[in-house]
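Trainee: the sequence and its predicted three-dimensional model are supplied below.
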Amino acid sequence: MPQLIAPKDRLIVSLDLPALEPAEAMIARLGDSVTFYKIGYQLVYAGGLSLARKLSAAGKKVFIDVKLHDIGNTVMRGVESLSTHGATFVTVHAYPQTMQAAVEGRGNSGLQILAVTVLTSYNEADLQEAGYRHAISDMVAIRARQAKTLGVDGLVCSPEEVAALRAIVGDQMSLVTPGIRPAGSSVGDQKRIMTPARAIAAGADYLVVGRPIVEATDPKAAADAIQAEIAQALS
Ligand SMILES: O=C(O)c1cc(=O)[nH]c(=O)n1[C@@H]1O[C@H](COP(=O)(O)O)[C@@H](O)[C@H]1O
């Protein structure tokens, strides 16, 4: 539930880096400023699961972002395997079979399933081009209802959808938002974005931030500034 999360623990730094060595160097630079790390495609295929175990043994929280989507049996077994690394969150795409299988696979392990609703790099035209007939707002709402019914633990969504999705899923599911851009930072390939302060004010539980921190000249200063913005927005 949002009110129980300490402000500092709401920032998840995405370790989108090519190898363990730069990832460990980044973690050392960020030090006590950051308590929660995301390990995604780039690092997970470069030894990232060993880093997940190391981070969780060191008392940090870990989000394994592998966005699973396959037949149910494969997803279930994949999630069973992923539940052994000490992570807090793992991602799957928000398809009913996939979400149901992921919930079965996580069992009582303590690993929480996050369903990715509509990627933050998509706008309305991108969604139509991919063959969907719904507007983004309708699509995320449909997927949020299905996720809630299936017992999924949380959603990954754009901060633009947080308020609407909170009304659907209530306080028991975590709302995790990438697409976070501090004022003045480069947008890159993200399309549905907000500043940290606005995302928190909209009701996000966790903010996922990659390039604005890991590509900053001073990553610790960038993380500290976002932490301060989060704390200010919550006060
Ligand atoms: O599942 C995710 O974390 C995710 C979902 C989504 O819709 N959009 C999105 O950007 N992400 C991830 O969040 C991170 C955002 O990174 P930056 O755009 O560099 O801040 C990346 O690691 C993405 O893979």
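Mentor: Nice, thanks for sending it over.

Trainee: which parts of the chain sit against the ligand?
Mentor: Contact residues (Cβ under 6 Å from any ligand atom) of the chain with the ligand: 14, 16, 40, 65, 67, 91, 116, 119-120, 156, 178-179, 188, 190, 208-212. The C-beta positions use only the backbone N, C-alpha and C, and glycine is treated the same way.

Trainee: can you tell me which of those residues are buried?
Mentor: Neighbour-count burial (16 or more other Cβ atoms under 10 Å) applied to the residues of the chain next to the ligand gives 14, 16, 40, 65, 67, 91, 116, 119-120, 156, 178-179, 190, 208-212.

Trainee: next up, the contacts around the residue in the chain positioned nearest to the ligand.
Mentor: With Cβ to the nearest ligand atom, the shortest gap between the chain and the ligand falls at Gly210, namely 2.7 Å. Listed by Cβ atoms under 8 Å, 6 or more residues apart in numbering, the contact set of Gly210 reads Val13, Ser14, Asp16, Lys38, Pro178.

Trainee: ok, now Val140?
Mentor: Here Val140 is in contact with Thr117, Val118, Leu155, Cys157, Glu161, Ala164, Leu165 (Cβ under 8 Å, 6+ apart).

Trainee: so the third one sits in a helix?
Mentor: I take that to be Leu155. No. Going by DSSP: H, G, I helix; E, B strand; the rest coil, the assignment for Leu155 is strand, not a helix.

Trainee: test my guess that it contacts Ala94.
Mentor: Yes. Counting by Cβ atoms under 8 Å, Leu155 touches Ala94, with 7.4 Å between them.

Trainee: what's the overlap in contacts for the two?
Mentor: Joint contacts of Leu155 and Ala94 (Cβ under 8 Å, 6+ apart) are Ala115, Val116, Thr117, Arg143, Ala147.

Trainee: among the residues you listed, which are in strands?
Mentor: Among the shared contacts of Leu155 and Ala94, the residues falling in strands (DSSP state E) are Ala115, Val116.

Trainee: okay, the shared contacts of Leu155 and Ala94 in CSV with pLDDT and distance to Ile27 next?
Mentor: Output for the shared contacts of Leu155 and Ala94, formatted as CSV (pLDDT from 0 to 100; distance: Cβ to Cβ, whole Å):
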residue, pLDDT, distance to Ile27
Ala115, 98, 27
Val116, 98, 24
Thr117, 98, 29
Arg143, 98, 33
Ala147, 98, 31
